[in-house]
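K.L.:
Fold the following, please.
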Amino acid sequence: MLIVADDKIPFLKGVLEPHARVVYIPGIDIGPEDVKNADGLIIRTRTKVDSSLLKGSSVKAVVSSTIGTDHMDIPWLEENNIAWANAPGCNSGSVKQYIASVFASLEENYYPLRGKTLGVVGVGNVGSKVAKVGEAFGMKVLLNDPPRAADETDFPNVDLNVLLQLSDVVTFHVPLTCEGEYPTQYLLNDTTLLMMKRGSVLINTSRGEVVEQRVLMKGISSGLIDRAILDVWENEPDISRDMLDRLMLGTPHIAGYSVDGKANGTSAAVQFMSRRFGFGLDNWKPSELPLLDNMSLSVSDVDERLNLKLAKAVFSTYDVRVDAKRLAEDPGNFEAIRGHYPIRREFPAWTIRVPEGNDELKKSFELLGFQVV
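P.N.:
This is a model prediction of the structure:
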């Protein structure tokens with residue numbers, strides 16, 4: 001049995017080898033000749049899986065170790081009886097941490113969030129956790145998710161146009177869909193831009209094409225959008241340097257790149273292949289994840305705003321400004337920065353000591369996901 005796998009998927013090498021021959025190839029380079037005689041294919045977002053790749057091959061199963069599916073032609077896979085899967089929610093904790101670090105950056109850049117309104121567009125695995133970040137920072141949270149509203153009578157859905165008008169900070173967490181009842185391509189467009197509250201903050205960590213960058217540039221120039229943060233881009237990895245220069249923070253599609261998120265994605269991929277081919281690895285997970293030197297924090301008794309205490313603790317676990325600096329210094333190195341990403345552990349891997357009697361601060365750290373002691 002032959003399995004072709006993206007060579008950047010962590011923790012994978014050696015796991016399937018007792019059961020199959022595994023060939024590792026850079027995801028962007030996987031081509032028809034590589035998969036012609038393969039039985040299984042394990043990918044990330046850089047591999048486009050459609051008829052041009054798989055037609056005439058012997059591939060019976062494809063799995064992406066990522067949250068998204070827009071790089072796979074699912075109707076074609078299903079028409080050709082090729083089993084497929086992704087890893088929904090695998091990096092939700094990582095994106096939560098990224099957004100918290102963005103909020104910490106806003107706080108330190110004299111944009112206090114307490115009392116402001118956060119609009120979360122897309123309230124699945126990721127958006128639900130991001131809403132808790134807003135609560136932790138003392139924000140009022142509005143939710144927009146039409147598919148959930150259609151299925152859940154008690155879901156507190158706010159119309160997108162209303163959410164844009166009321167929100168000081170808008171963050172997108174939707175899959176990329178171009179057709180169907182709920183398309184998400186260019187949710188930010190010439191029309192919706194005019195709905196945004198003047199001076200607002202826009203964050204996109206979903207897919208580049210959810211925000212029309214031409215429109216975003218117009219919004220920044222007009223002052224409708226005061227600050228913008230992008231982790232995903234149109235035409236990745238060939239990003240617009242002009243766009244990058246106009247952002248508060250620009251990062252190379254790494255919001256979900258914590259070690260924990262990657263391990264979850266690899267686990268989902270291995271387990272899927274195991275179920276399809278009988279490898280006996282249906283419950284496999286990496287045995288242990290790397291630790292940093294000191295993963296215990298404490299909050300000082302210095303009298304300062306609660307949100308600044310949150311910001312300092314968040315930066316101790318992950319500072320998004322460092323990733324933004326890397327990209328700003330070498331935008332052409334987009335893929336290499338992703339490929340050599342440093343170890344980042346999510347909030348639940350960290351313990352934090354909070355002064356006794358400060359229940360509000362304790363609750364905020366618990367909402368973020370820290371182990372509070």
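
K.L.:
those strands in this protein, which residues are they?
P.N.:
2-6, 21-25, 40-43, 61-64, 83-85, 117-121, 140-144, 169-172, 200-204, 225-230, 249-250, 296-298, 351-353, 371-372 (DSSP state E).

K.L.:
which non-adjacent residue is nearest R246?
P.N.:
Of all residues not flanking R246 in the chain, I220 sits nearest, at 5.2 Å (Cβ to Cβ, 6 or more residues apart in numbering). In this view, the C-beta of every residue, glycine as well, is placed from N, C-alpha and C.

K.L.:
now the one you found: how far from A136?
P.N.:
27 Å (Cβ to Cβ, to the nearest Å).

K.L.:
Repeat that for S64.
P.N.:
From S64 over to A136 the distance is 31 Å, taken as Cβ to Cβ.

K.L.:
Run a quick neighbour tally on A87.
P.N.:
A87 has 22 neighbouring residues, counting by other Cβ atoms under 10 Å.

K.L.:
Contact partners for the closest residue to it other than its chain neighbours?
P.N.:
Nearest non-adjacent residue to A87, counting by Cβ to Cβ, 6+ apart: A268, 3.7 Å away. Taking Cβ atoms under 8 Å, 6 or more residues apart in numbering as the criterion, A268 is in contact with V63, S65, A85, N86, A87, C90.

K.L.:
Can you check the pLDDT for D301?
P.N.:
On the pLDDT scale, D301 is placed at 77.

K.L.:
For it, which non-adjacent residue is spatially closest?
P.N.:
P355 (5.7 Å).

K.L.:
mind listing what the one you found touches?
P.N.:
V299, D301, L361.

K.L.:
re the thing from before, the residue nearest to R246 and D242 touch, don't they?
P.N.:
No - applying Cβ atoms under 8 Å as the test, I220 and D242 come out as separate, 10.9 Å apart.

K.L.:
With distance to E346 added, can I get the contacts of A268 in JSON lines?
P.N.:
Listed next are the contacts of A268 as JSON lines, based on distance: Cβ to Cβ, whole Å:
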{"residue": "V63", "distance to E346": "23"}
{"residue": "S65", "distance to E346": "17"}
{"residue": "A85", "distance to E346": "23"}
{"residue": "N86", "distance to E346": "20"}
{"residue": "A87", "distance to E346": "15"}
{"residue": "C90", "distance to E346": "12"}
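
K.L.:
ranking those residues by neighbours, who comes first?
P.N.:
That'd be S65 among the contacts of A268, by other Cβ under 10 Å, with 31 neighbours.
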